[in-house]
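A.B. asks: coordinates only, sequence not included:
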């Protein structure tokens, strides 16, 4: 969470520390207005967030289908069906594979680019802008562009491979390459985001540390990186890894528009299965069970993050 | 020391590597513009060339606008993102002020719930919220696109952290002047919080302009489509035949945010990396 506070810090004016004082009299009238001020937010939070969260868990124990006149409580049946379903395991395996490829790819590339940008002074903001561009651009639109670049016959990628004398692939139509193609798009899109977080981390490393390391004989760039940069970036790195993990777990857009989980389920991922079951077949209860599995993974990642964040920053 | 001489070499290496990477990052954008500028015959040729022999950007754009009501979809994008942001601010600011500056029973609980809410990924609540909108007869409407996002717990958290840094004296002075608590939110706190509100605004607009999952779920009608849905439908209906107009449409859809980004990169990067603390 440390880099979060840094990026926010830029948006927030210098603080004054005049906050600690006892609230004066007529506090009750103020408490009354406090309730009027928080009521809309609290009500909406209940209706749109906390209620639905409880709802999705409850639904996962029912056989509810959208449009069905009634439903009944069926205990763990949905979960039993889910764990017996080959598609679910395929989706889980593909999602994990996607995460395991995209996270290291996007984190290492993000770090490398940040280090390169920071190692000189010229053209810094131009490079930053270019690498950040994919983060900004509507992913669905760019996915369609990628699809054309990966076109087996007329695509840029195969065209370049052919002219280099290498074999071409039917990237998104081939079950052996489709997931990797989606991973490449995922990395391309996430690198700039990670780069910015790493840049913020790099800026906050005190210069004296490098001077001290140099005096101690760490003259090569690699030695400085190993002795100063890498340890000092530790918290940012774990943070970026977890954030990238959570985001990759949610992969859906590229899958839905480019492959629909195919060919032969080779790109089926959790949220896509949830979408198909819940919003195409309207098996709400079953889809809710998938959502709960997804939530368990994401919350586990989030717990790791808040564990690590608690060391750095305090909220109050 | 040793880094006195090799600087030119290292500086050159830095640029070579960064330019190579930049070419990779920009390739889809360049290829998009190039394809959008080519006539059909040049697109479907196995010979690769970046600069079209014959420029057809205007034709492709014209065809894209003729095949899909792109202006309407862009307008939908503006209506939805602006409504979401305005409502988010109207809901979040008063709550954030109360959480930061007022003392009331349940404040700690509410704040704990806000922090908890930040952890919930948007896909997790999709099914119940969808059923709720279905029951309310609101599916397939602007309301379905906007209502679920009117509450931004993240926005509340962000503004509350900001309001904590506003001196109490400012608030007390406003009370002396007889301004109500409600008035303080909008006449004292909001003006003081413009930088934070701007950053949050960019974060919110970019997130919802680019959102595909939710509009896909709740929309049916063509005239309500948001920009990402429009591109996806365009792609499906053309089924790999007219890439020129498709690339032109993609260009049109990403243009508003990309242009805004190029004009105010620093603010955009700040705003979007706010998600980093989510």
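C.D. replies: Great, that's in hand. Everything numeric here is computed off the predicted structure, so don't read it as measured data.
A.B. asks: give me the longest helix you can find in chain B.
C.D. replies: helix B:70-101 (DSSP state H).
A.B. asks: could you pull out the helices for the stretch 1-150 of chain A?
C.D. replies: In the stretch 1-150 of chain A, the helices defined using DSSP state H, counting those that start in this stretch lie at A:2-11, A:27-45, A:51-59, A:77-84, A:86-118, A:124-136, A:139-149.
A.B. asks: sorry, slip of the keys, the one I care about is the stretch 101-250 of chain B.
C.D. replies: Read by DSSP H, counting those that start in this stretch, the stretch 101-250 of chain B holds these helices, from start to end of the chain: B:107-118, B:126-135, B:142-146, B:153-164, B:168-176, B:181-184, B:190-192, B:194-210, B:213-218, B:227-238, B:243-263.
A.B. asks: span of stretch A:149-161 from start to end?
C.D. replies: With C-alpha to C-alpha, to the nearest Å applied, stretch A:149-161 spans 12 Å between its terminal residues.
A.B. asks: no wait, stretch B:204-219
C.D. replies: 20 Å.
A.B. asks: per-residue pLDDT of residue A:313, please?
C.D. replies: The model reports residue A:313 with a pLDDT of 42.
A.B. asks: again, but for residue A:10
C.D. replies: 38.
A.B. asks: likewise for residue B:211?
C.D. replies: The confidence metric pLDDT takes the value 93 at residue B:211.
A.B. asks: chain A versus that one, what's the distance?
C.D. replies: Relative to chain A, residue B:211 is positioned 9 Å away (C-beta to the nearest C-beta, to the nearest Å). No exception for glycine: its C-beta is placed from N, CA and C like everyone else's.
A.B. asks: ramachandran angles for that residue?
C.D. replies: Geometry field for residue B:211 lists phi and psi as phi -60, psi 130, criterion degrees, to the nearest 10.
A.B. asks: need the three-state assignment for residue A:239.
C.D. replies: Residue A:239 carries the three-state label helix when classified by DSSP: H, G, I helix; E, B strand; the rest coil.
A.B. asks: was I right about it contacting residue A:194?
C.D. replies: No. Taking C-beta atoms under 8 Å as the definition, residue A:239 is not a contact partner of residue A:194, at 10.1 Å.
A.B. asks: the more surrounded of these two?
C.D. replies: When neighbours are counted by other C-beta atoms under 10 Å in any protein chain shown, residue A:239 and residue A:194 differ, and residue A:194 comes out ahead with 30 against 24.
A.B. asks: is stretch A:184-203 anywhere near chain B?
C.D. replies: Yes. Using C-beta under 8 Å from any C-beta of the partner chain, we find that stretch A:184-203 touches chain B at A:188, A:191, A:192, A:193, A:196, A:197, A:200.
A.B. asks: residues in contact with the closest residue to residue B:111 other than its chain neighbours?
C.D. replies: In space, and not counting its chain neighbours, residue B:111 is closest to residue B:99: 5.5 Å by C-beta to C-beta, 6 or more residues apart in numbering or on different chains. Taking C-beta atoms under 8 Å, 6 or more residues apart in numbering or on different chains as the contact definition, residue B:99 lies against A:38, B:107, B:110, B:111, B:114, B:156, B:160, B:163.
A.B. asks: who wins for neighbours among those?
C.D. replies: Comparing the contacts of residue B:99 by number of neighbours (other C-beta under 10 Å), residue B:156 comes first, having 31 neighbours.
A.B. asks: now that residue: how far from chain A?
C.D. replies: Distance, residue B:156 to chain A, using C-beta to the nearest C-beta: 6 Å.
A.B. asks: contact partners for that residue?
C.D. replies: The neighbourhood of residue B:156, defined by C-beta under 8 Å, 6+ apart, consists of A:41, B:92, B:95, B:96, B:99, B:114.
A.B. asks: what does residue A:187 give?
C.D. replies: Taking C-beta under 8 Å, 6+ apart as the test, what residue A:187 contacts is A:101, A:102, A:105, A:106, A:109.
A.B. asks: quick check: the last one touching residue A:191?
C.D. replies: By that I understand residue A:109. Yes. With contact taken as C-beta under 8 Å, residue A:109 and residue A:191 are classed as touching, separated by 4.8 Å.
A.B. asks: who has more neighbours out of these two?
C.D. replies: A count of neighbours by other C-beta under 10 Å puts residue A:191 above the other of residue A:109 and residue A:191, at 28 against 21.
A.B. asks: what about the more buried one, which helix or strand?
C.D. replies: Residue A:191 is part of helix A:178-203 when elements are defined by DSSP states H and E.
A.B. asks: contacts for the helix or strand immediately after that helix in the chain?
C.D. replies: For helix A:178-203, the succeeding helix or strand toward the C-terminus, using DSSP H and E, is helix A:207-215. Counting by C-beta under 8 Å, 6+ apart, the neighbours of helix A:207-215 from elsewhere in the structure are A:223, A:224, A:227, A:228, A:232, B:1.
A.B. asks: what of stretch B:74-92?
C.D. replies: Stretch B:74-92 is touched from outside by A:40-41, A:44, B:142, B:145-146, B:149-152, B:155-156, B:159, B:197, B:200-201, B:204-205, B:208-209, B:223-227, B:252-253, B:256, with contacts defined as C-beta under 8 Å, 6+ apart.
A.B. asks: what angle do helix B:243-263 and the longest helix of chain B make with each other?
C.D. replies: 30 degrees (axes from the mean of the first three to the mean of the last three C-alpha atoms, to 10 degrees).
A.B. asks: report the buried residues of helix B:70-101.
C.D. replies: By neighbour count, and taking 16 or more other C-beta atoms under 10 Å in any protein chain shown as the criterion, the buried residues in helix B:70-101 are B:70, B:73-74, B:76-77, B:80-81, B:83-85, B:87-89, B:91-101.
A.B. asks: next: stretch B:194-212.
C.D. replies: If you call a residue buried by 16+ other C-beta under 10 Å, then stretch B:194-212 has these buried ones: B:196-197, B:199-212.
A.B. asks: circling back: show me how to select, in PyMOL, the buried members of the contacts of helix A:207-215.
C.D. replies: Buried subset of the contacts of helix A:207-215, written as a PyMOL selection, criterion 16+ other C-beta under 10 Å:
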select buried, chain A and resi 224+227+228+232
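A.B. asks: taking the contacts of helix A:207-215, tell me the two that lie furthest apart.
C.D. replies: A:232 and B:1 (21.3 Å; C-beta to C-beta).
A.B. asks: can you confirm residue A:166 is in a helix?
C.D. replies: No. Counting by three-state DSSP, residue A:166 is not part of a helix but coil.
A.B. asks: check it and give its pLDDT.
C.D. replies: Confidence for residue A:166, expressed as pLDDT, is 87.
A.B. asks: and the gap between it and residue B:24?
C.D. replies: When C-beta to C-beta, to the nearest Å is the yardstick, residue A:166 and residue B:24 sit 17 Å from each other.
A.B. asks: please say which of these two ends up with more neighbours.
C.D. replies: Here residue A:166 and residue B:24 are compared on neighbour count by other C-beta under 10 Å; more neighbours surround residue B:24, at 13 against 10.
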